[in-house]
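Asker: Pasting the sequence and the predicted model now:
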Amino acid sequence: MPRFHLIEFEDQQWFPKNIRNYMTDFLQFVTNQFDLFKGSVPILQKGLEKSGQSQIIDLASGGGGAWLKLIKHLEKSHPNLKVKLTDYYPNHRAFKKIVQQGNGHFDFEKASVNALQVPKNLKGFRTQFLSFHHFKPADAQQILQNAVDNQAVIGIFEAQKRSVAHFIQFFFSPINVLLMTPFIRPFSLGRFLFTYLIPIVPIFVWWDGLVSVLRTYSVAEMEAMTKDLKHGDSFEWEIGEVKNGPVVNLYLLGYPKK
Ligand SMILES: C[S@@+](CC[C@H](N)C(=O)[O-])C[C@H]1O[C@@H](n2cnc3c(N)ncnc32)[C@H](O)[C@@H]1O
């Protein structure tokens, strides 16, 4: 399937903040409820081990993604693990909720953080969930280049592939939005209004979900990206997919060679 970089509304600066937050809250709910990144836990553990640190800098965190579930898997092997949530459009309310529920493992960056140029003071194992496909090839490559330039271990994770099967699966995502919205916290009248009465949240989740599938980089494309990096050969690159039941995680793990 060829790659199409159509627009995702969530990425647009003009897109209403509330609607973006309802969409990322939905993603946060689904990824935690269904433990979508359980298969990636060993890769995260390896990244932490390679970084020699117990600090994760999560980029493009949205509503906090799968972190409440992931921390449960990781805190056994890394009891002192700290995860800093960041985003270009930081959703402070969602981040505060994760901090409150996260057993002391979380904090967040209030200011906007661009994944293409991570501030030097944010040191740790960089992670990105469900967001690498948001970036055009040159920008995606810049994310990896920035990690190499700063000798930072980086882990990229996606829970969808660019395939017909995933396109069909994502076609039905509005049904999930309609069914799951009553269970998403915090309760918000706006969320209900824009899901059921004026159903723009399910419509944008539908569009952005389908576009996400069409934008997702294949293993071969991510491998090609790493080959073109300046000093990219100073890093070890592990790229592949891992299955956990019906869920597939695509991943890229990059770390400096000894
Ligand atoms: C699909 S959401 C991913 C959310 C989250 N990681 C998850 O697993 O649910 C993509 C996120 O990328 C963020 N984003 C877009 N451009 C960015 C950039 N240049 N730097 C950092 N974050 C960016 C958006 O604000 C949005 O929150």
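Answerer: Cool, the structure landed. Numbers count the residues shown, from 1 in each chain.

Asker: Could I get the pLDDT score of the residue minimising distance to the centre of the chain?
Answerer: Computing the C-alpha centroid of the chain and ranking residues by C-alpha atoms, centre = their mean puts residue 129 first, at 1.9 Å. With respect to pLDDT, residue 129 scores 97.

Asker: So for stretch 97-113, what gets flagged as buried?
Answerer: 97, 98, 99, 102, 105, 106, 108, 109, 113 (16 or more other C-beta atoms under 10 Å). To be clear about C-beta, it is placed using only N, CA and C from the backbone, and glycine gets the same treatment.

Asker: Not counting residues beside it along the chain, what's closest to the second one?
Answerer: If I follow you right, that is residue 98. Closest residue to residue 98 apart from its sequence neighbours, by C-beta to C-beta, 6 or more residues apart in numbering: residue 64 at 4.1 Å.

Asker: and that neighbour, which of the three is it?
Answerer: Three-state call for residue 64 (DSSP: H, G, I helix; E, B strand; the rest coil): coil.

Asker: got the residues of the protein near the ligand?
Answerer: 10-11, 24, 27-28, 31, 59-63, 65-66, 87-89, 114-116, 129-131, 134 (C-beta under 6 Å from any ligand atom).

Asker: ok, which stretches of this protein are strands?
Answerer: Under the criterion DSSP state E, the chain carries strands at the ranges 55-59, 82-85, 106-108, 125-129, 154-158, 235-244, 247-256.

Asker: between the fourth one and strand 247-256, how big is the angle?
Answerer: Our comparison of strand 125-129 with strand 247-256, counting by axes from the mean of the first three to the mean of the last three C-alpha atoms, to 10 degrees, yields an angle of 150 degrees.

Asker: Could I have the CA atoms of strand 125-129 written out in PDB?
Answerer: Provided in PDB are the C-alpha atoms of strand 125-129 (Å, rounded to 0.1, in the frame of the first residue of the first chain):
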ATOM      1  CA  PHE A 125      15.100   7.800  27.100                       C
ATOM      2  CA  ARG A 126      12.900   9.500  24.400                       C
ATOM      3  CA  THR A 127       9.700   7.800  23.500                       C
ATOM      4  CA  GLN A 128       6.900   8.500  21.000                       C
ATOM      5  CA  PHE A 129       3.700   6.600  20.800                       C
END
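
Asker: so where do the helices sit in this structure?
Answerer: Counting by DSSP state H, the chain has helices at residues 17-33, 41-51, 67-74, 92-101, 137-149, 164-171, 173-180, 189-192, 200-215, 219-227.

Asker: got TSV for these, with mean pLDDT too?
Answerer: What follows is the helices of the chain, written out as TSV (pLDDT from 0 to 100):
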stretch	mean pLDDT
helix 17-33	93
helix 41-51	97
helix 67-74	96
helix 92-101	94
helix 137-149	98
helix 164-171	95
helix 173-180	97
helix 189-192	96
helix 200-215	97
helix 219-227	97
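
Asker: Those: which one's closest to residue 121?
Answerer: helix 137-149 (14.1 Å; C-beta to C-beta).

Asker: List the buried residues in the closest one.
Answerer: Quick answer for helix 137-149 (16+ other C-beta under 10 Å): 140, 141, 142, 143, 144, 145, 146, 147, 148.
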